[in-house]
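Chemist: Whatever this is, show me its structure:
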Amino acid sequence: MNIHFIAIGGSAMHNLALALHHRGYTITGSDDIIFEPSKSRLEQKGLLPTEFGWFPEKVTGDLDAIILGMHAKPDNPELLHAQKLGIRIYSYPEFLYEQSKNKTRVVIGGSHGKTTITSMILHVLRYHDREVDYMVGAQLEGFERMVHLTEDNDFIVLEGDEYLSSPIDRRPKFHLYKPNIALLSGIAWDHINVFPTFENYLEQFRIFVDSIVKGGSIAYNAEDSKVKEVVERSENPIRKLPYHTPLYSVEEGQTFLETPEGAMPIEIFGRHNLSNLAGAKWICQNMGVDEDDFYEAIATFTGASKRLEKIAESSSVTVYKDFAHAPSKVSATTRAVKEQYPNRRLVACLELHTYSSFNADFLKGYRGALDAADVAVVFYLPESVKIKRLKEVTPGQVIEAFQRDDLEVFTEASQFHDFIFDQNFENSILLLMSSGNYGGLDLDSVRQKLSG
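Modeler: Purely as a prediction, here's the structure:
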């Protein structure tokens, strides 16, 4: 097949391009900007565009399909030319469904936890040499690409994102997969630029549950009231399998999971991650992995990239970096670190970076999110607010939203960086949370300073 990618540089898009190239398809692509690591990975396989920009002449009648990324606009010149020529245009999730119509589709959905749960499942299957197709949103140790498609494998495991499919297909991605086996981990309002009310956002999960193939199944987090309501009220004739956080303990910075064979040390920590583990266990058992084999494998799981990732450690300080940015994720991550290290001073730093986090109504959802920290810091750049064409956000608004009088707020990158490097981190934990880059903070320098 000859396939052209419009906006090939995206995290998911470039992984799909690499997967199809590996399968033997002829792949071309365009983008107006491509960042690392996508750039190097595409270049290594000869798929990096020779120049950036949009070139309608790349779209020719001998193409079998176009795959359209969210980074493109509806009036993209290449898209318009493809429509004129009548070439089949797929969104990313639409194409994945087409490639997996004859497989058992396992889809992991939820506002939070889906990347970690998908990663856990793939880790367990890889540990036991069970081959499956997959798509996951984070780089995993031991996996060359984060999309894998074959003709032979019976199962495909898909991370089910609720964001929109493409500029011309406004359906959430996870509506298109039609799972045979599904999981729903949690529901907390997000993506308010496309789901302006919580009810509108909630409706997307109702549609997801109703899209499960009749006779299929869903494992769901019964401790999340909204998840429980959405799943249990659905009239779709499917098996509904609730899961709960398993028993665990923390002793001197080590988390132990209670199993039928006794307490087992595990690498991950935090109540939210133990809940994720319970969900992953249900799915693996539905895929034919028995309980003992699951426990054996999960004991060696160290976490998904950017999720509570330890980036530096010395005798006096440990530094974690986490992708958390939505209120529920920030709260869960901060509490998890404090639970793991109750006798150490926790310095928790959050960068407000997303469209949602700068919305005055959404901002109120951060109330109490940093309460578990001994020192709480919020950093944001006013110019980021302007770029998103939103109303000004003041430090006073941020302090009021978090309901913490001692909250330190920085609006200049240099001030925030100075704060980090000037701190005395004796007997401390530094937790950095953001989906951005902390105003260009040099993490290598942080490692060098704090690992010494």
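
Chemist: would Val230 count as being in a helix?
Modeler: Yes. Counting by DSSP: H, G, I helix; E, B strand; the rest coil, Val230 falls inside a helix.

Chemist: list the contacts for it?
Modeler: 184, 187, 202, 205-206, 209 (Cβ atoms under 8 Å, 6 or more residues apart in numbering). Bear in mind the C-beta positions are built from the backbone N, C-alpha and C, glycine included.

Chemist: again, but for Pro246
Modeler: By Cβ under 8 Å, 6+ apart, the contact set of Pro246 is 257-258, 274, 277-278.

Chemist: which one of the residues you listed is nearest Met264?
Modeler: Leu257 (5.0 Å; Cβ to Cβ).

Chemist: you'd agree the closest one is up against Ala278?
Modeler: No. Leu257 is not in contact with Ala278 according to Cβ atoms under 8 Å; the separation is 9.8 Å.

Chemist: ok, and the most crowded of the contacts of Val230?
Modeler: Of all those, Leu184 has the most neighbours under the rule other Cβ atoms under 10 Å, reaching 28 neighbours.

Chemist: nearest residue to it other than its sequence neighbours?
Modeler: Computed as Cβ to Cβ, 6 or more residues apart in numbering, the closest residue to Leu184 that is not its neighbour in sequence is Tyr220, at 4.6 Å.

Chemist: So that neighbour belongs to a strand, correct?
Modeler: Yes. Assessed by three-state DSSP, Tyr220 belongs to a strand.

Chemist: Quick one: neighbours of it, just the number.
Modeler: 26.

Chemist: Just the pLDDT for it.
Modeler: The model reports Tyr220 with a pLDDT of 98.

Chemist: Could you give the bridge partners of it?
Modeler: On the basis of DSSP bridges, Tyr220 is bridged to Leu184, Pro242.

Chemist: contacting residues around it?
Modeler: Counting by Cβ under 8 Å, 6+ apart, Tyr220 has contacts 183-184, 227-228, 231, 240-243.

Chemist: Leu164 reaches Asn193, doesn't it?
Modeler: No. Taking contacts as Cβ under 8 Å, Leu164 lies outside contact range of Asn193: 9.8 Å.

Chemist: The two: who's more crowded?
Modeler: The residue with more neighbours, out of Leu164 and Asn193, is Leu164; 19 against 14, by other Cβ under 10 Å.

Chemist: ok, now which ones touch the more buried one?
Modeler: Taking Cβ under 8 Å, 6+ apart, one finds 70, 170-173, 194 in contact with Leu164.

Chemist: And for Asn180?
Modeler: 104-106, 212-213, 216-217.

Chemist: gap between it and Lys173?
Modeler: Per Cβ to Cβ, to the nearest Å, Asn180 is found 17 Å from Lys173.

Chemist: Kindly report the same for Lys226.
Modeler: Taken as Cβ to Cβ, the span from Lys226 to Lys173 is 20 Å.

Chemist: and these two? which has more neighbours close in?
Modeler: A side-by-side neighbour count of Lys226 and Lys173, using other Cβ under 10 Å, places Lys173 first with 27 against 18.
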